[in-house]
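>>> Pasting a predicted model and its sequence here:
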Amino acid sequence: MGSVPIAERMPVLRFVPVEALIPHEQADRMRTEPLAERLRTEGVLKNPPVVTPIPDELRYVVLDGANRVAAARRLGLPHLVVQVVDYEDPRLVVEAWTHVVCGEDAAAFFEALRGLEGLSLEPAERLHARAELARRQALAYLACPRGEIYLIRAEGDLYRRTALLNALVDLYKTRFRFYRTATDHLDQILPYYEAVIAVVVFPRYEPAEIMELARNGVRLPAGITRHIIPYRALRINIPLERMAAPEPLEEKNRWLAEWFRRKLANREIRVYEESVVVFDE
């Protein structure tokens with residue numbers, strides 16, 4: 001059984017202008033300021049944002065790392081090290097997170113949801129809800145602890161539905177606790193979270209939809225797209241002073257290429273082929 005060639009296992013790292021980075025999802029304001037302060041204190045960028053080039057443009061869509069990009073802007077960094085990926089790489093998978101909404105007042109959650117203009121709730125069976133979501137006939141659906149399933153219906157084009165999706169997530173992200181998970185199976189969720197009101201299940205967005213929205217300045221809610229990146233670069237620990245330095249971009253990328261060669265020659269790069277679970281993030 002052959003192995004993946006080393007060139008295909010090495011991440012592509014590059015300095016790019018911060019102003020050229022276009023997030024596809026909203027930044028979390030509650031996380032941006034602490035993250036900026038942590039970057040300032042630690043003085044290094046540990047995990048680079050993951051980006052993909054916009055065809056025929058000198059801009060990049062941020063697939064993962066919207067908060068790091070927002071923190072870099074807050075710090076006034078002119079350049080940032082990113083991992084550049086090919087969105088058409090068949091090894092790159094786009095999935096959807098689900099949100100586990102928790103709180104003591106389920107009635108308030110549903111009252112607020114029913115009050116959102118442009119959305120409607122419809123009882124459904126799980127199989128039908130999944131099918132409607134796959135056909136994009138529903139904006140999302142809810143799975144509740146006692147087994148109830150509700151389709152969330154909305155009309156309109158991609159942009160109108162994205163605005164309503166943001167309104168939906170905005171409804172609970174400040175008033176209730178919520179957590180990301182990768183399943184809608186309540187038996188796998190309820191043992192780990194307290195006071196679950198509902199699990200919000202989102203559709204899987206196509207890369208073309210994500211690119212179109214981002215390049216036109218439209219953001220999806222934070223934490224609903226899940227990009228599974230092959231050979232994700234972690235713990236690169238690039239000094240912030242290097243990103244902040246008033247040097248030409250070409251000079252910084254020459255430095256980065258030499259840094260990479262040195263790391264490789266010193267056997268300081270380790271590639272994990274197996275899935276990894278990290279407990280100190």
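Perfect, thanks for sending it.
>>> Find the residue at the geometric middle of this protein.
Note on the chain: the residue nearest the mean C-alpha position is D64, at 4.5 Å, using C-alpha atoms, centre = their mean.
>>> That one - nearest residue in space that isn't next to it in sequence?
Distance criterion C-beta to C-beta, 6 or more residues apart in numbering; nearest residue to D64, sequence neighbours excluded, is V50 at 4.3 Å. Backbone N, C-alpha and C define where each C-beta goes, glycine included.
>>> Ramachandran angles for the residue nearest to the centre of the chain?
Main-chain dihedrals, D64, degrees, to the nearest 10: phi -150, psi 130.
>>> Surely it and P49 touch.
Yes: with contact defined as C-beta atoms under 8 Å, D64 counts as touching P49 (6.4 Å).
>>> which stretches of this structure have low pLDDT?
The chain contains residues with pLDDT under 70 at 1-8, 281.
>>> Please parse it into its domains.
Domain assignment for the chain by automatic domain parsing gives 6-92+227-265, 98-201.
>>> mind checking which of those is nearest I210?
domain 6-92+227-265 (5.0 Å; C-beta to C-beta).
>>> Quick one: distance of that closest one to the chain centre.
Computed by C-alpha atoms, centre = their mean, to the nearest Å, the separation of domain 6-92+227-265 from the middle of its chain amounts to 14 Å.
>>> Ok, stretch 137-144 next?
With C-alpha atoms, centre = their mean as the basis, stretch 137-144 stands 20 Å off its chain's centre.
>>> start to end distance for that stretch?
With C-alpha to C-alpha, to the nearest Å as the measure, stretch 137-144 spans 20 Å from end to end.
>>> which parts of that stretch are buried?
Residues of stretch 137-144 classed as buried by neighbour count (16 or more other C-beta atoms under 10 Å): A138, L139, A140, Y141, L142, A143.
>>> What of stretch 65-82?
For stretch 65-82, burial by neighbour count (16+ other C-beta under 10 Å) applies to 65-75, 77-82.
>>> Excluding covalently adjacent residues, which one is nearest to A134?
Excluding the flanking residues, the one nearest A134 by C-beta to C-beta, 6+ apart is P203, at 7.5 Å.
>>> So which residues of the stretch 51-200 of the chain form helices?
For the stretch 51-200 of the chain, the helices defined by DSSP state H, counting those that start in this stretch occupy 66-75, 106-114, 126-134, 158-173, 186-189.
>>> and the angle for the longest one with helix 106-114?
Translated: helix 158-173. Interaxial angle, helix 158-173 versus helix 106-114 (axes from the mean of the first three to the mean of the last three C-alpha atoms, to 10 degrees): 160 degrees.
>>> residues in contact with helix 158-173?
Outside helix 158-173, the residues within contact range by C-beta atoms under 8 Å, 6 or more residues apart in numbering are 26, 99, 101, 109, 112-113, 116, 118-119, 139-140, 152, 154, 156, 178, 200, 202, 209, 212-213, 216, 218-222, 224.
>>> Could I have the ChimeraX command that selects the buried members from those residues?
Only the buried entries of those go into this ChimeraX selection, using 16+ other C-beta under 10 Å:
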select :26,99,101,109,113,116,119,139,140,152,154,178,200,202,209,213,219,220,221,222,224
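>>> Could you list which of the contacts of helix 158-173 belong to strands?
Taking DSSP state E as the definition of strands, the contacts of helix 158-173 contribute H99, V101, L119, A140, I152, A154, F178, V200.
>>> pretty sure the second one contacts F109?
In other words, V101. Yes: the pair V101 / F109 is scored as a contact, 6.6 Å apart, by C-beta under 8 Å.
>>> shared neighbours, those two?
Any residue near both V101 and F109 by C-beta under 8 Å, 6+ apart counts here, and that gives Y172, F176, I197, A198.
>>> Make JSON lines out of those and add distance to V278.
As requested, the shared contacts of V101 and F109 are exported to JSON lines (distance: C-beta to C-beta, whole Å):
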{"residue": "Y172", "distance to V278": "27"}
{"residue": "F176", "distance to V278": "27"}
{"residue": "I197", "distance to V278": "29"}
{"residue": "A198", "distance to V278": "29"}
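>>> And these, which is closest to G147?
Using C-beta to C-beta, the shared contacts of V101 and F109 come closest to G147 at A198, 11.5 Å.
>>> ok, now which ones touch that closest one?
By C-beta under 8 Å, 6+ apart, the contact list for A198 reads V101, A106, F109, L142, A143, C144, P145.
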